[in-house]
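Novice: Build me a model from this:
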Amino acid sequence: MAKHLIVGGVAAGMSAAARLRRLDEQCEIIVLERGGYISYANCGLPYYVGNEISERNNLLLQTPESFRSRFNVEVRVQNQVLSLHPDFKTVLIRNLLSGEQYQESYDSLLLAPGGSPLRPAIPGIDHPAVQTLWTIPDTDEIRARIDGGLVKKAVVAGGGFIGLEMAENLHQRGVEVTLVEMAPQVMNVIDPEMAAIVHRELRTHGVELLLNETVTGFEPLDGGRVRVQCVSGAGIEAELVLLSIGVKPNTEFLADSGIKLGARGHIIVDAQLRTNLPDIFAAGDAIEVVNPFSGRKTAVPLAGPANKQGRMAADNMLGTAVKSYHGTMGTAIAKVFNLAVGVTGATEKFCRAECIPCQSVIIHSNQHAGYYPGASMLSFKLVFSPQSRAVLGAQLVGREGIDKRIDVIATAIKAGMTVDDLTEIEHAYAPPYSSAKDPVNMIGFVAQNVLDKLVESITFDKLEEALRAGAYLLDVRSPLEYADGTITGAVNIPLDILRSKLADLPKDRMIVVFCKVGLRGYIAARILSAHGFTNRNLSGGYETWQVAE
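Specialist: Numbers count the residues shown, from 1 in each chain. Below is the predicted model:
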């Protein structure tokens, strides 16, 4: 009877344990988890802090007892693996309750130790007010402070997914929030003009946003408070600091084991999730994965990939039907107050950094038919190859309908589809849910027009350069829209009278045309091209320029 040992009892580890049992009723399975909980909903922790999830027990998907009852798997919580000895096929373990150390043997081993939040060695980092959110005990500590009325002001250090979710949920509890981010934007996994929409949402809800700022230390104050010291010299007083500045893999115990690790300590695996040592596999946040666009190794600590990897590793541990993992493209979504922010595949800035040829387009479209009550705008950026026309990535920001569109694009990327394929995707349509031409179709049409040279576009960040070179700026919106705000130097000729005003336009200068979102600009660009004018349509229109500038 084979004996399978699993290190780590959250996403990847428990997914593997359940799969092993479903495939083999006779084998012995032992899970070793250094924490006190297994299979908990760590993605739900911010919402428990914010009281969106009011029952703590709803976060606990399984217990060691319930898992044993259903799957006949032995789960040992508060048992920390100290070292691995592959020559003897054993691991050294410490029972954190009793202090006892003991050996456990294995026939096959899965390493799924996960990761931990970074806590840099800066002054005051160990102050009780400086917290991270990663485990159930972390959540209990933060929530107890808020429930006890001890937190009036909080600083969130880091503008990634957890940082943004915590900023919202702390605000929901009546806490005054300052978010500090060392980069020029939050959500560094999206492009700047899309992040700018998130910045506006945060500020609208009263979150103070400090960008290009770095926390350098914490000075203790009376009453359990701290002063958060920043590189600019700013000091922010708070009762709570939430660190959300990155994740490191929990692989310290693998030192001297012979397991190959990457530059940042992640476990190196092959396509079958095997390590370099026999009968040892790895999955989850602690492994390196392949980025399918660059071919480079990276780390993507997301629950979805971790669960899938755990299931696949179990199959390969048994060896009955060997499967390969084809990389992680980082499909993700986050709620930021009234917005949803979705991303999949390659961003434009990623492509530029990796020297991957790309083009992009932006549209702003209603999430369902505009004549049906409740329509709201979504902002949609598509990144694609100018050579193969393949879809490379997408980012969406809006109030509704973000998840289904980002999932469609993720599927399109996985299937190797092109922008032309997007134009033909059939969506379920009724006025409450979409439009006859869904935003996915529409952005396919726009990208198709660019690739087919029916229109040339210019992005918001290239506009100033074009104007310095002598471009003529043409606003084709209505006079009322123009009067409400425009780009400095723009001449207003509404689209519907453009043909009658062509004689007023210069033929010896580039004309940059724009409307609110790009559609009228496209029509104007076609008119201008037909009459011999050199022109560019501002991608995303005034809407993108206004928020991104």
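
Novice: use CA for all of it now, contacts and neighbours both
Specialist: Will do.

Novice: Would you confirm that residue 334 contacts residue 396?
Specialist: No - judged on Cα atoms under 8 Å, residue 334 makes no contact with residue 396 at a distance of 10.7 Å.

Novice: Now the common contact residues for these two.
Specialist: Common contact partners of residue 334 and residue 396 (Cα atoms under 8 Å, 6 or more residues apart in numbering): 340-342.

Novice: Out of these, flag the one nearest to residue 287.
Specialist: residue 342 (23.8 Å; Cα to Cα).

Novice: pLDDT on the helix or strand where that closest one lies, on average?
Specialist: Assigned by DSSP states H and E, residue 342 belongs to strand 339-345. Strand 339-345 carries an average pLDDT of 98.

Novice: Please renumber the chain so that the first residue is 25 from this point on.
Specialist: Yep, numbering from 25; the last one is strand 363-369 now.

Novice: number of nearby residues for residue 448?
Specialist: Neighbours of residue 448 under the rule other Cα atoms under 10 Å: 13.

Novice: pretty sure it contacts residue 465?
Specialist: Yes - at 6.8 Å, residue 448 counts as touching residue 465 under the criterion of Cα under 8 Å.

Novice: Is the residue lying closest to residue 77 once chain neighbours are set aside part of a helix or strand, or is it coil?
Specialist: Leaving out its chain neighbours, the residue that sits closest to residue 77 by Cα to Cα, 6 or more residues apart in numbering is residue 71, at 5.5 Å. Classification of residue 71 by DSSP: H, G, I helix; E, B strand; the rest coil places it in helix.

Novice: Residue 71 is in contact with residue 193, isn't it?
Specialist: Yes - the criterion here is Cα under 8 Å, and residue 71 meets it with residue 193 at 6.4 Å.

Novice: These two - which one has more neighbours?
Specialist: Between residue 71 and residue 193, counted using other Cα under 10 Å, the more crowded position is residue 193 (22 against 19).

Novice: Pretty sure that one sits against residue 70.
Specialist: Yes - in this structure, residue 193 is within contact of residue 70 by Cα under 8 Å, at 6.4 Å.

Novice: mind checking how far residue 186 is from residue 129?
Specialist: Distance, residue 186 to residue 129, using Cα to Cα, to the nearest Å: 37 Å.

Novice: who has more neighbours, those two?
Specialist: For residue 186 versus residue 129, the count of surrounding residues by other Cα under 10 Å is larger for residue 186: 23 against 16.

Novice: And the pLDDT at that one?
Specialist: 94.

Novice: In a helix, it, correct?
Specialist: Yes - Residue 186 sits within a helix when classified using three-state DSSP.

Novice: show me what contacts it?
Specialist: By Cα under 8 Å, 6+ apart, the residues touching residue 186 are 70, 268.

Novice: So which elements touch the strand holding residue 366?
Specialist: The contact analysis (3 or more Cα pairs under 8 Å, 6 or more residues apart in numbering; DSSP states H and E) places strand 363-369 against strand 356-360, strand 415-422, helix 426-438.

Novice: Among the ones you listed, which comes closest to residue 78?
Specialist: Residue 78 sits nearest to strand 356-360 of all these, at 17.9 Å, using Cα to Cα.

Novice: For that closest one, which helices and strands make contact with it?
Specialist: Strand 356-360 is packed against helix 185-196, helix 216-228, strand 363-369, with contacts defined by 3+ Cα pairs under 8 Å, 6+ apart.

Novice: and it, average pLDDT?
Specialist: Average pLDDT, strand 356-360: 97.

Novice: That strand to helix 185-196, inter-axis angle?
Specialist: 20 degrees (axes from the mean of the first three to the mean of the last three Cα atoms, to 10 degrees).

Novice: Direction included, what does strand 356-360 pair up with?
Specialist: Note on strand 356-360: by DSSP bridges, its sheet partners are strand 363-369 (antiparallel).

Novice: Give me the contacts around the partner strand.
Specialist: 213-214, 222, 225, 353-359, 416-424, 426-427, 430, 433-434, 437.

Novice: list the buried ones in stretch 512-521?
Specialist: 514-519 (16 or more other Cα atoms under 10 Å).

Novice: Distance of the residue nearest to residue 77 relative to residue 192?
Specialist: 9 Å.

Novice: now swap in residue 40 and tell me
Specialist: Using Cα to Cα, we find residue 40 at a distance of 33 Å from residue 192.

Novice: cool, residue 555 as well?
Specialist: Distance, residue 555 to residue 192, by Cα to Cα: 51 Å.

Novice: These two: which is more packed in?
Specialist: Legend: neighbour count by other Cα under 10 Å for residue 555 and residue 192, higher for residue 192 (23 against 12).

Novice: show me the contacts for that one.
Specialist: Residue 192 sits next to 74, 360-361 when contact means Cα under 8 Å, 6+ apart.

Novice: Could you rerun that using 10 Å?
Specialist: Listed by Cα atoms under 10 Å, 6 or more residues apart in numbering, the contact set of residue 192 reads 70-71, 74, 186, 199, 201, 226, 229, 231, 359-362.

Novice: tell me which of these is nearest to residue 572?
Specialist: The shortest approach to residue 572 among the contacts of residue 192 belongs to residue 226, at 14.5 Å (Cα to Cα).

Novice: That closest one is in contact with residue 203, isn't it?
Specialist: Yes - between residue 226 and residue 203 there is a contact under Cα atoms under 10 Å: 9.3 Å.

Novice: which among the contacts of residue 192 end up buried?
Specialist: 70-71, 74, 186, 199, 201, 226, 231, 359-361.

Novice: Show me where the stretch 275-424 of the chain has its strands.
Specialist: 304-306, 313-314, 321-322, 356-360, 363-369, 383-390, 401-408, 415-422 (DSSP state E, counting those that start in this stretch).

Novice: same question, the stretch 25-174 of the chain
Specialist: Under DSSP E, counting those that start in this stretch, the stretch 25-174 of the chain gives strands at 27-31, 52-57, 62-64, 84-86, 98-101, 103-109, 114-119, 125-129, 132-135, 139-141, 154-156.

Novice: If you count contacts, what does the last one end up packed against?
Specialist: Pointing back at strand 154-156 there. For strand 154-156, the elements it packs on are strand 139-141, helix 160-171, strand 177-181, strand 264-267, judged by 3 or more Cα pairs under 10 Å, 6 or more residues apart in numbering; DSSP states H and E.

Novice: what secondary structure does the residue nearest to residue 245 when sequence neighbours are not counted sit in?
Specialist: Nearest residue to residue 245 in three dimensions, chain neighbours excluded: residue 251, at 6.8 Å (Cα to Cα, 6+ apart). What three-state DSSP gives for residue 251 is strand.

Novice: dump the residue contacts of residue 251.
Specialist: 148, 179, 241-245, 258-265.

Novice: That one and residue 563: what is the separation?
Specialist: Residue 251 sits 43 Å away from residue 563, taking Cα to Cα as the criterion.
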